[in-house]
Structure formats: structure tokens, C-alpha cells
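> need coordinates for the below:
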Amino acid sequence: ARGVRFERAYCQFPLCGPSRNSMLTGLYPDTTGILANQQIFRQTIPSHLSLPHAFRRAGYFAARLGKLYHYNVPNSIGTDGHDDPASWELEINPAGVDRLEEEPRIFSLVPGQFGATLSWYASPKGDAHHTDGKLAAEAEWVLERCAGREPRPFFLAVGFFRPHTPYVSPKAYFEKYPEREMPVVQGVKEDQADLPAAALASYKREEDKLTDDLRRQCLQAYYASISFMDAQVGRVLNALDRSGLADRTIIVFTSDHGYHMGEHGLWQKRSLFEESARVPLLILAPGIGKPGAVVETPVSQVDLYPTLAELCGVKPPPNLQGQSLVPMLKDPTSVGRGWALTQVTRGGGGRRALDTGAAGQFMGYSLGTARWRYTEWDEGRQGVELYDHDMDPQEYHNLAADPSYSEVSRELKQLLAAARPQSHPLLTGAKP
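Just a heads-up that it's a prediction; the model follows:
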């Protein structure tokens, strides 16, 4: 093991654009104003200093390879996407066969649509021909040059595209996961019986086309894409070792949101269940923390900005809304805030929360603690959920209507009410 794993790390909004803008600004989505994909934070808080921009101003060489801010995948592969030019000194946007050659051969539940639709293809071409393989090669190239240009420090952000749909990766990775062995989620109707409609509103009509055979093929392709991406991450880490930079380079591995593969009858993202809100998070900070340590307390991706700024001695803007994770890196039993807040919109399109012009829109907020997940839809008017992760880690049993848990619900409702103002300037009177 090479670092500290945060077992209960969460995104702020389980959708690419809002999540990435939140993580890279250190501000919650209610503060950035970014609640949909086709936006960047310069439209709403133009003077704010992003995480990579802060490092640039501190003298770092800041480079972006691939997807960091939002991209329309696959159509924007090979372009800057919805990027922030001020964040970077160098941008590299390769495109491989997955974008340039193979799209006509990709299976999709909606023919011709790939980015937001379940779609996949086992490519006959090897790693080096695919976009993520090319990204790994570019990262090797950049690291080689960073090693030769010391003492200038660097901030290298590598954004791999897989396992975003379409799940395209070399056939060899599909073969690691035999289709017949892929599990199919059972008991969906029973699971959904105690759920408010808003909890299931990320479901898409085309998913009715899924048969069990297609579900297995989809899961096989998803796993293959993860393994393909993981192999490219390994190439980057090996390049860091070869360059002699590893013992003084901080490494962060994470994703912009979690993912459903049939749990609760849902697929992909945009729910507030654990599968959608939870993200992988590994931090390796040389000389700090015990390799292989596991932090169990809930943390958020909004915490990454203050953490990296503290570790590197970079001055952050004063309005960051996360906590530093350095105490947890030093002592995995440190609790910190002890909660993580995730939100998502329902209805009315992507507009600012509390915007009375967003007709029909309401927000869901979910608070995760060491034991519980508590979710309110439209401040409870559209439903409430409560899950005991000690007894029910897969969130099958909504306890919100159970009288024996009324005191737990009351306490978590108060905690959510106290947490929300920390994420929303309109609730505090503070300026973003």
C-alpha cells in the first residue's frame, strides 16, 4: 500500500460538472452556482481562485491532461471541453480510436447516443490506441520533463475518461470478467417499496430495455473499463518512480462521483444513495501518515483544496468551505467534521438552489455520518430517508417512518440544518 485510503469519501453533487467545479474550487455547489453540466465556475464566481490556479500563482507548473473540468463525453474528447484556461499552463487533449474510429460499432440502448446512455464495446485495439492510453503516455512525457526542470514544483492533473460511458476498452480487459459470472441485482421492487419518488428520479426510460443478458454485458464492460483505466494509472505511477520524483510528490486518486449498476433499480449517477454519492479517495503524502492506513470518518471532495494547500504551503483563498484532511493523514482516528454533505436537483432543470424562478425544481440533501445516512427531499416535503450503515450498508431499509428511530431522525435533521449553511451563502449572508 502506498498511501492513506479514505473509506467514506463523498462527492458534493453526483454529476460530472457540478462535482468537478466544486472539487476544483473548494466550494459547495450551492456556492459555485453550478448545478448542471454545461457551466463552469467563471460564469458564476469569476474572481474565485481555483485549486490549480492557486498553485500556478505559487510558482507551480500546472498541467492538465484530459478531463478535469466537465467534458461532453465522448464528443468533446480531443478538445478543451468546458475548461478553465486560467487554471493551467499546459493542456493536452489526445483522442484515440474510441473517439475517432469505433463509435459506429458501439452498442447503445439508444442507438447513436453514448455519453449519458448505457453503451459499450470490446475493442480489438490495444491500450496505446485508446484515449486513456494516450493520456498515460502524455503523463509519462510530462513527468520526464518535470524531473529535468527542478527545482520548479509541478501540479499535474491527469483526467482519465473511463469508466465513463461508453464503456470502450481493449477486449483483453473484457476477458478478465466472463459475462456469465456477472451478477444481476435482485429484489428491486421490494427494495423500492419504501422509497420516495424523488429517490428514484434518476431512472431513465430506455433502461426498461435491459434484459438480464444486457445487464451482465453492461457490468462486464464497466468492470473492463475500470481495469483498463487502472492499468493506465499504474503507468503514471511507474513513470513517477522512474523519474525519481515519487518520494517528494503528493498523489491523489479520486473520481467525480459514484455509480449505480442496477442497485435500487438505478444505473449510472444522480442519486443520493451510497453507490452514487461515495467516491474512491487515496492520498499519498510522503512522510505523512502510515502507508496502508484507512480513515473511516466521512470526508468530502471539497476538503481536497484546503488539504493540498496545507501540505504544499500554498496560500488558499479565505472562503474555502472544506476542512483540511491533514489531521486524518497523520492520525486515521481523527474525526474532523464527522459528516459529509451531498446534494442533487430534481425537476426544473439545473438552476441555483433557492432560485424561485426555477419552476418545479427542488433539492435533495443527504448527510452521511459514521453510521447513518439521512436524506431530505425538498426539506422533507417530497420525502425523507434514513439508513443505518452498521446494519444495512446497502441501504435496503428506509427507517425514516419507523417510530423507533424518531429520535435518530430528529438529531440528524438538526445536524443537516446546521451543515447546510456551511455550504450555502444565501443561508448565511456571506459572499462566495
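> tell me the SS of Arg180?
What DSSP: H, G, I helix; E, B strand; the rest coil gives for Arg180 is helix.
> and for it, the neighbour number?
Using other Cβ atoms under 10 Å, Arg180 has 7 neighbouring residues. For every residue, glycine as well, the C-beta is placed using N, CA and C.
> how about it, nearest residue that isn't a chain neighbour?
The spatially closest residue to Arg180, leaving aside those adjacent along the chain, is Arg216, at 7.2 Å (Cβ to Cβ, 6 or more residues apart in numbering).
> pretty sure that neighbour is touching Val184, no?
Yes. Taking contacts as Cβ atoms under 8 Å, Arg216 lies within contact range of Val184: 6.5 Å.
> quick one: which of these two has more around it?
Legend: neighbour count by other Cβ under 10 Å for Arg216 and Val184, higher for Arg216 (18 against 15).
> check what pLDDT that one gets.
Arg216 is assigned 98 on the pLDDT scale.
> roughly how far apart are the residue sitting nearest the centre point of the chain and Ser123?
Closest to where the C-alpha atoms of the chain average out (Cα atoms, centre = their mean) is Asp256, at 1.6 Å. Distance of Asp256 to Ser123, given as Cβ to Cβ, to the nearest Å: 24 Å.
> that's a helix at the residue nearest to the centre of the chain, yeah?
No. Counting by three-state DSSP, Asp256 is not found in a helix; it is coil.
> which residue sits closest to it, ignoring its sequence neighbours?
Once flanking residues are discounted, Asp256 sits nearest to Ser19: 4.3 Å by Cβ to Cβ, 6+ apart.
> who's in contact with the nearest residue to Asp194 once chain neighbours are set aside?
Nearest residue to Asp194, sequence neighbours excluded (Cβ to Cβ, 6+ apart): Asn398, at 4.2 Å. Taking Cβ atoms under 8 Å, 6 or more residues apart in numbering, we find Asn398 in contact with Asp194, Leu195, Glu385, Leu386, Tyr387.
> and stretch 245-254, how far apart are its ends?
From its first residue to its last, stretch 245-254 covers 21 Å (Cα to Cα, to the nearest Å).
> whoops, I mixed them up, stretch 112-119
10 Å.
> and the residue nearest to Asp256, how far from Arg371?
Counting by Cβ to Cβ, the separation of Ser19 from Arg371 is 25 Å.
> neighbour count for those two, which is higher?
Taking other Cβ under 10 Å, Ser19 and Arg371 do not tie; Ser19 has more neighbours (25 against 13).
> now do the SS call for that one.
Here Ser19 is helix, with the state taken from three-state DSSP.
> by contact count, what packs against the longest helix along the chain?
In the chain, with assignment by DSSP state H, the single longest helix is helix 212-243. With contacts taken as 3 or more Cβ pairs under 8 Å, 6 or more residues apart in numbering; DSSP states H and E, helix 212-243 sits against strand 119-123, helix 131-147, strand 167-170, helix 171-174, strand 251-254, strand 260-261.
> the residue lying closest to Gly313 once chain neighbours are set aside: how many residues sit nearby?
Nearest residue to Gly313, sequence neighbours excluded (Cβ to Cβ, 6+ apart): Ala58, at 7.9 Å. The number of residues packed near Ala58 is 16, by other Cβ under 10 Å.
> same thing with Lys290?
Applying other Cβ under 10 Å, we find 13 residues neighbouring Lys290.
> is it in contact with Val4, as I believe?
Yes. Here Lys290 reaches Val4: they are 7.5 Å apart, a contact under Cβ under 8 Å.
> can you list residues touching both of the two?
Pro332.
> what distance do you get for Tyr177 to Arg216?
Using Cβ to Cβ, Tyr177 is found at 10 Å from Arg216.
> now the helix or strand hosting Val408, how far from the chain's geometric center?
Taking DSSP states H and E as the definition, one finds Val408 inside helix 406-419. Between the centre of helix 406-419 and the centre of its chain there are 26 Å (Cα atoms, centre = their mean, to the nearest Å).
> give the buried residues for that helix.
Neighbour-count burial for helix 406-419, counted by 16 or more other Cβ atoms under 10 Å, picks out Val408, Ser409, Leu412, Lys413, Leu415, Leu416, Ala419.
> and the fourth one, what is it in contact with?
Meaning Lys413. The neighbours of Lys413, taking Cβ under 8 Å, 6+ apart as the test, are Tyr374, Glu376, Gly380.
> and if we set it to 6 Å?
The contact partners of Lys413, by Cβ atoms under 6 Å, 6 or more residues apart in numbering, come to none.
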